[in-house]
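Q: Sharing a model prediction with you, sequence too.
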Amino acid sequence: MSQGLRQARRWGVAALCALAAVCWAAPKGKPAPAATWGEQARVTELAEQLAQSHDLPKAWVIQKIAKAHPLPQVRQLVLPPATPSAKNWRAYQARFVEPRRIEAGLQFWQRHDQALRRAQAQYGVPPEIVVGIIGVETYYGRHLGRFSVLDVLTTLSLDFPLEHPRALERQAFFRSELGFFLKQVRQGASIQRQGSYAGAMGWPQFMPSSWTRHAVDFDGDGKIDLNKSPVDAIGSVANYFANHGWKPDVPTHFAVDVNGPQVDLATLTAPDIVPTFDAARMAELGARLDEAGRSFQGPLALVELQNGGDAPSHVAGTSNFYVVTRYNWSSYYALAVIELGQAIKAAKMAGGSVAVPAQATSAGEAMRTTPTLLAESLRSNRHVLLMRHAYAPGVGDPPGYSLSNCETQRNLNEEGQAQASRIGQWLRQQGVKQAQVWSSIWCRCQQTAERMQLGPVEVAPALASFFDTPSQAASRLADMEQLIAQRLARKGDQALILVTHHVNIRAFTGRDIGSGDMVLAEVTPQGRLVRFSLYPSP
Ligand SMILES: [Ca+2]
């Protein structure tokens, strides 16, 4: 398959998946069409084919298929949109990696912590990947689908819409899936009878072939139930990944910057998502990996994600990133799964605290949920709000940048500027009206701090990035603790807000956080971290 076709195919599936929550939610009850296929010639022909390929009695297959109902709406649902929208990772990310899904994922993880640990021990797949998959697929069981799997698969096997660009290939796929489904039924298996408009079943949205190959009874009740047993779903997803080559303890991806002038983007993107280059080769081709990526032993792929009309995003994907795309052939899907899982993990590590930004809910609701806690904590002299600067595309700074010249640095783009204003607005909504705001000297931090409009901004050397000088990590952390201790002692009841960089916040909390994300930290009088809560950027 050509690269272009492969990419188109991956995006096609992703777009389908992105629409799925809406589509699954559409039928309010079990569809109850009156007509059945009956014993017509094409039914007999299909039955003959399936009887042969799946070793089933032909008469039995005819009987089953003849009783299935045609579902005209399913023919429409599998068609790509007439006017496809431009690929947009940021839009895709915003749909799945958002506070309410993170909160639902946190609850799922807490409820099934033991099963998730057992799955990791048995299959080597970490909880955040399983939790990410189930969250993106069905929002933790909220969107299971109410279509008859037999009706769906029979319709798509007998009457697949020929206007689909890959009609023959897709029809063959659904015929094969119908064969797997009927085989399970014939063998008396407990396979789900209801699913999505494409025949995907249960919490993990397994197609019948995946059900056959990878589903397991993980709660030990003697049957596999992917609709009613989240524990079976957990074991089955982990088993799927193990069977597709997941390697324990290998990261999924690293940050990478390909914005420099010497970057050979054509060579880097040629293998698409197949891990091909080691870290040294990536550097030769001009890609700047983050610190962990530079020391990674193993092949990497430069994964490119389009952002509509804006510059694309990139990550360096490992073999485990590739494995995630085996679940659904889309790099957009894979990164959403990974980032959702990471966000839930961060919330869990932060003590189960996940903030609900104002835009994700009604204003009144937001004011009732987290808010007072945040504003009240910040009035005390034991809490500080650390924030990573708003979105600035890329990693690190361009070669030869100067701290006295903003133009030479990596800066906020329009999206980042809007984000910074939004964060300020959100903080005011939470009751943080006046603050003492300190910023790193980097322009992206100062701009973020100023756009929040919460008070005058002062630059503190203690908040400067040490991304390019990792040896300064310990001394910079000590400086920041000292700054926190000094400022908390003198701030009165105003909030203390520090705008700094990813590496500085990671050194302080041990956690990776996204652009514009905030950490409410409780500290000792010496400025040392006691505990913290993560507040994702609104
Ligand atoms: Ca079970």
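A: Everything's here; your move.
Q: what does the chain have sitting close to the ion?
A: 217, 219, 221, 229, 232 (CB under 5 Å from the ion). Using the backbone N, CA and C atoms, a C-beta is placed for each residue, glycine as well.
Q: tally of neighbours for the fourth one?
A: It stands for residue 229. Burial of residue 229 is recorded as 20 neighbouring residues (other CB atoms under 10 Å).
Q: for it, what are its contacts?
A: Contact partners of residue 229, counting by CB atoms under 8 Å, 6 or more residues apart in numbering, are 218, 219, 221.
Q: can you rerun that using 7 Å?
A: By CB atoms under 7 Å, 6 or more residues apart in numbering, the contact set of residue 229 is residue 219.
Q: Quick check: pLDDT value at it.
A: Confidence at residue 229, expressed as pLDDT, is 96.
Q: Same check on the second one?
A: With respect to pLDDT, residue 219 scores 95.
Q: Quick check: closest non-adjacent residue to residue 294.
A: Sequence neighbours aside, residue 279 is the residue nearest to residue 294 in space, at 5.4 Å (criterion: CB to CB, 6 or more residues apart in numbering).
Q: Pretty sure that neighbour sits against residue 296.
A: Yes: counting by CB atoms under 7 Å, residue 279 touches residue 296, with 5.5 Å between them.
Q: Count the neighbours of residue 42 for me.
A: Residue 42 has 12 nearby residues by other CB under 10 Å.
Q: and it, backbone torsions?
A: When read as degrees, to the nearest 10, the backbone of residue 42 gives phi -70, psi -20.
Q: isn't it right up against residue 158?
A: Yes: counting by CB under 7 Å, residue 158 is a contact partner of residue 42 at 5.7 Å.
Q: List the buried residues for stretch 255-268?
A: Buried residues in stretch 255-268, counted by 16 or more other CB atoms under 10 Å: 255, 256, 257, 258, 259, 263, 268.
Q: Rounded mean pLDDT for it, please.
A: 92.
Q: Can you check the distance spanned by that stretch, start to finish?
A: Across stretch 255-268, the terminal residues are separated by 15 Å (CA to CA, to the nearest Å).
Q: For that stretch, give me every contacting residue.
A: Residues from elsewhere that reach stretch 255-268 (CB under 7 Å, 6+ apart): 285-290, 293, 302, 314-316, 394-396, 398-399.
Q: of these, closest to the ion?
A: Among the contacts of stretch 255-268, residue 315 lies closest to the ion (CB to the ion), at 35.9 Å.
Q: That closest one: which element?
A: strand 310-317 (DSSP states H and E).
Q: Break this structure down into its structural domains.
A: 3-88+126-223, 371-535 (automatic domain parsing).
Q: Quick one: closest of these to residue 108.
A: domain 3-88+126-223 (4.7 Å; CB to CB).
Q: For that closest one, what is the distance to the chain centroid?
A: Taking the mean of its C-alpha atoms, domain 3-88+126-223 sits 23 Å from the chain's own mean (CA atoms, centre = their mean, to the nearest Å).
Q: Repeat that for stretch 86-97.
A: The answer for stretch 86-97 is 9 Å, by CA atoms, centre = their mean.
Q: neighbouring contacts of it?
A: Contacts for stretch 86-97 (CB under 7 Å, 6+ apart): 11, 18, 136, 305-308, 313, 332, 336, 339-340, 343.
Q: got the residue ranges for the strands in the stretch 401-538 of the chain?
A: For the stretch 401-538 of the chain, strands defined by DSSP state E, counting those that start in this stretch occupy the ranges 435-439, 457-459, 495-500, 518-523, 529-535.
Q: Any regions of this protein where pLDDT drops low?
A: Along the chain, segments meeting pLDDT under 70 span 1-34, 352-372.
Q: for it, which residue is closest to the average position?
A: Among the residues of the chain, the one closest to the centroid is residue 336, at 2.1 Å (CA atoms, centre = their mean).
Q: Look up how far the ion lies from it.
A: Per CB to the ion, to the nearest Å, residue 336 is found 28 Å from the ion.
Q: show me what contacts that residue?
A: Here residue 336 is in contact with 92, 93, 96, 97, 136 (CB under 7 Å, 6+ apart).
Q: Which pair in those has the greatest spatial separation?
A: Among the contacts of residue 336, 93 and 136 lie farthest apart (CB to CB), at 11.0 Å.
Q: Look at the two and report which has more neighbours.
A: residue 136 (29 against 19).
Q: one step back: restricted to buried residues, select the contacts of stretch 255-268 in ChimeraX.
A: Restricted to buried positions by 16+ other CB under 10 Å, the ChimeraX selection for these reads:
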select :285,286,287,288,289,290,293,302,314,315,316,394,395,396
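Q: Relative to residue 182, which of the contacts of stretch 255-268 is nearest.
A: Residue 182 has its nearest neighbour among the contacts of stretch 255-268 in residue 315, at 40.7 Å by CB to CB.
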